[in-house]
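Novice: Quick one: sequence plus predicted model below, questions after.
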Amino acid sequence: MAKIKGITVTLINRKQTGVDPFGNPIFEDVEIQVENVLVSPTSSEDVVKQLELTGKKAVYTLAIPKDDTNDWEDSEVRFFDKTWRTFGIPLEGIDELIPLDWNKKVMVERYE
């Protein structure tokens with residue numbers, strides 16, 4: 001029996017590294033390699049719902065591993081040699097009630 005295994009994606013989070021002379025925060029992009037992320041095409045029904053609700057076209061849905069603690073909300077993600085942006089709040093289930101390795105999901109749109 002084959003075991004389900006995800007791919008490694010690059011999550012790009014912004015980290016505050018200081019402040020400028022005017023007191024405004026200075027941010028730097030930090031690349032985080034996240035292993036075992038499942039990537040699946042978003043269902044056509046979900047694409048239509050998200051387009052109506054947010055005006056954004058969901059292309060893929062990412063399933064995030066249970067042990068991941070990164071911030072996936074409105075973040076850049078790279079996989080399949082392209083850059084994507086997550087949107088919406090990642091949906092999270094209860095670990096004990098989900099038998100596999102993933103408990104969160106988030107949708108992504110194409111980002112240039």
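Specialist: Right, received. Where do you want to start?

Novice: could you dump stretch 98-112 to CSV, C-alpha only?
Specialist: Provided in CSV are the C-alpha atoms of stretch 98-112 (Å, rounded to 0.1, in the frame of the first residue of the first chain):
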residue,chain,number,x,y,z
ILE,A,98,-8.2,13.6,11.7
PRO,A,99,-6.4,10.3,11.0
LEU,A,100,-3.8,11.5,8.5
ASP,A,101,-0.8,13.9,8.8
TRP,A,102,-2.6,17.1,7.7
ASN,A,103,-5.1,19.2,9.7
LYS,A,104,-5.1,22.7,8.0
LYS,A,105,-6.0,23.8,4.5
VAL,A,106,-5.6,27.1,2.7
MET,A,107,-6.3,28.2,-0.9
VAL,A,108,-3.9,29.9,-3.2
GLU,A,109,-4.2,32.1,-6.2
ARG,A,110,-1.6,32.8,-8.9
TYR,A,111,0.7,35.6,-7.9
GLU,A,112,3.3,37.5,-10.0
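
Novice: looking only at pLDDT, what's the mean for that stretch?
Specialist: The predicted model assigns stretch 98-112 a mean pLDDT of 89.

Novice: Same question for that stretch: list its buried residues.
Specialist: For stretch 98-112, burial by neighbour count (16 or more other CB atoms under 10 Å) applies to 101-109. Any C-beta I mention is one placed from the backbone N, CA and C, and that applies to glycine too.

Novice: what's across from residue 106 in the sheet?
Specialist: Beta bridges link residue 106 to residue 62 when assigned by DSSP bridges.

Novice: Tell me where the model's unsure across this protein.
Specialist: Applying pLDDT under 70 to the chain picks out residues 1-2, 112.

Novice: so where do the strands sit in it?
Specialist: 7-19, 25-41, 60-65, 76-79, 82-92, 102-110 (DSSP state E).

Novice: Return the distance of residue 93 relative to residue 102.
Specialist: 9 Å (CB to CB, to the nearest Å).

Novice: My error: substitute residue 36 in the last question.
Specialist: In terms of CB to CB, residue 36 sits 8 Å off from residue 102.

Novice: Find the residues that touch each one of those two.
Specialist: 6, 65 (CB atoms under 8 Å, 6 or more residues apart in numbering).

Novice: that older thread, between the buried residues of stretch 98-112, which is nearest residue 15?
Specialist: Set against residue 15, the nearest of the buried residues of stretch 98-112 by CB to CB is residue 106 (19.6 Å).
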